[in-house]
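# When you get a sec, could you give me coordinates for this:
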Amino acid sequence: MIALTSAMAVVLVPATSAEARPVKSKTLTQNALYKAGALPVTACPEKPVKKLDPKSARSYLNGVLACLNRTWTGEFNAAGLKWSTPKVVYATKAPVKFCGAKWNDWGGYYCDSSHVMEIVLDEDLLGAGDLFLFFLTTSLYGEHVQNLAGITHGLDVLPRSNKAESAERYRRHNLQNFCLASAFVASVWKSLGRGREDWDDMLSYMRAWAGKNAGSRKSITYWAGQGFATGDPGACNTWTAPSAKVA
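The predicted structure is shown next:
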C-alpha cells in the first residue's frame with residue numbers, strides 16, 4: 001500500500017545481531033529471484049502529463065506499466081519463476097473498501113489475493129507530479145513481484161514470537177520493496193533524461209514513509225541505494241541482512 005501523507009514519525013528498533021532474529025525460510029533467504037541477475041537496461045520514455053488531468057495521467061502510467069511488465073516478465077523467466085501480469089484499476093475517487101480493508105489515505109494499493117492494484121487519480125495524487133506517479137507505480141509493482149516470487153506468502157507463514165520480531169520482518173519486506181522498485185528505476189534511468197535531483201526527490205518520497213514497519217530513513221536510503229546502484233534484485237535480499245540494516 002502507498003500512502004500520500006507526510007513523513008510519519010521514525011521508530012527505531014534497537015539494533016541486534018543477525019542471529020537474534022534469524023529468518024530460516026529459504027523462500028525468503030534464497031529466492032530464485034536473487035539469482036536471475038541484474039535487470040536489463042532498457043528504454044522507458046515518459047509521456048507528458050497535463051496538470052490535474054486524469055486521462056493523461058492514465059496514459060503516462062500505462063506507459064510505465066508496459067515497461068514494468070516487460071522487465072519483470074523477462075526477469076521471472078530468467079529466474080525460472082511463473083509470471084502473470086497484474087490487473088490495474090484506475091479511479092478518480094477513493095473506494096470505501098478495497099481488498100477487504102477500509103481505504104485509507106492511499107494513492108494506490110496492491111491486493112495480494114487478487115493481484116489487482118488500484119490507483120486513485122484524485123487531485124492529491126495528480127498534484128504530486130509525474131515523478132511521484134512513476135515511483136508509486138514501481139512500488140506497487142514491486143509488491144506484485146514479491147507476491148509472485150512467494151516472498152509475501154513466505155513472510156505471512158513465518159512464526160512470530162513477539163511484536164518486535166514481527167515488526168522487523170515487515171520492515172525486511174517493505175525495505176526489499178523499496179530496493180526492487182529502485183532496481184527497476186536504475187534499469188530505465190538513462191532513458192528518462194532525469195538528473196540527480198530527481199533521484200533525490202524519489203528518495204524523499206520513500207523516506208516520507210519511514211516508520212516501525214517500513215524502516216528508518218537511514219535503512220530506506222541504504223536499501224533504495226542498493227537497488228539503484230546495482231539494478232539487481234539480488235542486492236535486495238533484506239532477509240539475510242543484520243538487524244541493524246533493517247532498523
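# just checking, residue 61 touches residue 135?
No. Counting by CB atoms under 8 Å, residue 135 is not a contact partner of residue 61; they are 11.5 Å apart. For the C-beta atoms, the positions are set from N, CA and C on the backbone; glycine is no exception.
# For stretch 165-184, what does the pLDDT average out to?
The predicted model assigns stretch 165-184 a mean pLDDT of 97.
# Buried ones in that stretch, by neighbour count?
165, 167-184 (16 or more other CB atoms under 10 Å).
# So which of these are in helices?
165, 167-184 (DSSP state H).
# Three-state assignment for residue 61, please.
Taken by DSSP: H, G, I helix; E, B strand; the rest coil, the conformation at residue 61 corresponds to helix.
# what sits against it?
Residue 61 sits next to 88, 90, 119, 133, 137 when contact means CB atoms under 8 Å, 6 or more residues apart in numbering.
# Tally up the residues packed near residue 215, please.
By other CB atoms under 10 Å, 33 other residues sit near residue 215.
# List the contacts of it.
171, 174, 175, 178, 223, 246, 247.
# Residue 110 sits in which helix or strand?
Here residue 110, judged by DSSP states H and E, is contained in strand 106-111.
# which strands and helices sit next to that strand?
Using 3 or more CB pairs under 8 Å, 6 or more residues apart in numbering; DSSP states H and E as the contact test, the elements touching strand 106-111 are strand 2-3, strand 116-120, helix 123-127, helix 130-148.
# Between these, which has the poorest mean confidence score?
Among the helices and strands packed on strand 106-111, strand 2-3 scores lowest, at a mean of 46.
# what's the helix or strand following that one packed up against?
As assigned by DSSP H and E, the chain's next helix or strand after strand 2-3 is helix 26-29. Helices and strands touching helix 26-29, as assessed by 3+ CB pairs under 8 Å, 6+ apart, comprise helix 151-156.
# buried residues in the helix it packs on?
Quick answer for helix 151-156 (16+ other CB under 10 Å): 151, 152, 153, 154, 155.
# Switch the residues you listed over to TSV; also include pLDDT.
Shown next, in TSV, are the buried residues of helix 151-156 (pLDDT from 0 to 100):
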residue	pLDDT
151	98
152	98
153	98
154	97
155	97
